[in-house]
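Engineer: just to be clear, the model below is a prediction. Sequence and coordinates:
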Amino acid sequence: MPFFEIGIYNVKSAGNVGTLWRSAYQLGAAGIFTIGKRYQGQPTDPFKTLRHIPLRNYENFDDFLNHRPMGSVLVGIEQGGTPLSRFHHPPQAVYLLGGENCGLPNEVIQKCNSLVSLEAMIRQSYNVAVAGSIVMYDRVFGDKDQSYNNPASRIAGNNSDLESPAK
Ligand SMILES: C[S@@+](CC[C@H](N)C(=O)[O-])C[C@H]1O[C@@H](n2cnc3c(N)ncnc32)[C@H](O)[C@@H]1O
């Protein structure tokens with residue numbers, strides 16, 4: 001089964017990590033991560049996401065590169081890349097967002113296997129957790145002929161893809 005993870009490089013706001021974590025859980029991510037700053041947790045998280053999908057912290061970008069999942073494609077999420085509406089998500093993907101203040105630095109972008117950008121009608125820059133949530137939603141529910149993208153079977157509460165219980 002294809003998997004994906006998502007994380008933020010040099011994030012500033014714990015609230016953004018919490019929001020991204022919750023979306024990641026809702027959309028089926030295998031885990032989330034931060035690079036460069038530890039996340040202390042949010043006692044108000046109604047979904048108790050830390051019980052469901054793991055969050056890891058990497059000390060720096062090299063630490064992340066040394067430990068990223070084998071066979072995964074590193075997808076940077078930043079302005080200047082392939083528009084999301086035309087982007088085909090790799091089966092095994094690790095998505096990387098930039099922090100609120102500086103975005104993804106060029107040296108990090110150069111190490112990404114691909115770069116995806118969100119289109120906008122007015123201003124280009126989204127909140128980092130919103131940007132990550134939109135990309136994950138597109139991966140799971142976007143209609144781009146991806147064999148692992150099966151919205152009908154993933155809608156919460158729809159267990160039609162499960163075997164019938166034994167009678
Ligand atoms: C608020 S933005 C950073 C803005 C920063 N002040 C700058 O100008 O680089 C934080 C992160 O959200 C993501 N992001 C926001 N808008 C985006 C867009 N239109 N396309 C792709 N990523 C976006 C990127 O990962 C970005 O690094």
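Structural biologist: Yep, it's here. Bear in mind that the values here come from a model prediction, so they are computed numbers and not experimental data. Numbering: from 1, shown residues only.

Engineer: how far off centre is stretch 91-104?
Structural biologist: Its chain's C-alpha centre and that of stretch 91-104 lie 8 Å apart, by Cα atoms, centre = their mean, to the nearest Å.

Engineer: pull up the distance across it, start to finish.
Structural biologist: 23 Å (Cα to Cα, to the nearest Å).

Engineer: buried stuff in it?
Structural biologist: Of all the residues in stretch 91-104, those buried under the rule 16 or more other Cβ atoms under 10 Å are 92-100, 103-104. C-beta: built from backbone N, CA, C; applies to glycine.

Engineer: ok, residues contacting it?
Structural biologist: If you take Cβ atoms under 8 Å, 6 or more residues apart in numbering as the criterion, stretch 91-104 is touched by 2-13, 16, 20, 35-36, 68-69, 71-79, 105, 108, 112, 128, 131-132, 135-136, 139, 148.

Engineer: try 6 Å this time
Structural biologist: Applying Cβ atoms under 6 Å, 6 or more residues apart in numbering, the contact partners of stretch 91-104 are 2-12, 68, 71-78, 128, 132, 135, 148.

Engineer: ok, and which of the buried residues of stretch 91-104 reach the ligand?
Structural biologist: Restricting these to those touching the ligand (Cβ under 6 Å from any ligand atom) yields 97-98, 100, 103-104.

Engineer: quick one: residue 112 and residue 72 touch, right?
Structural biologist: No - contact criterion Cβ atoms under 6 Å: residue 112 and residue 72 do not qualify, at 11.6 Å.
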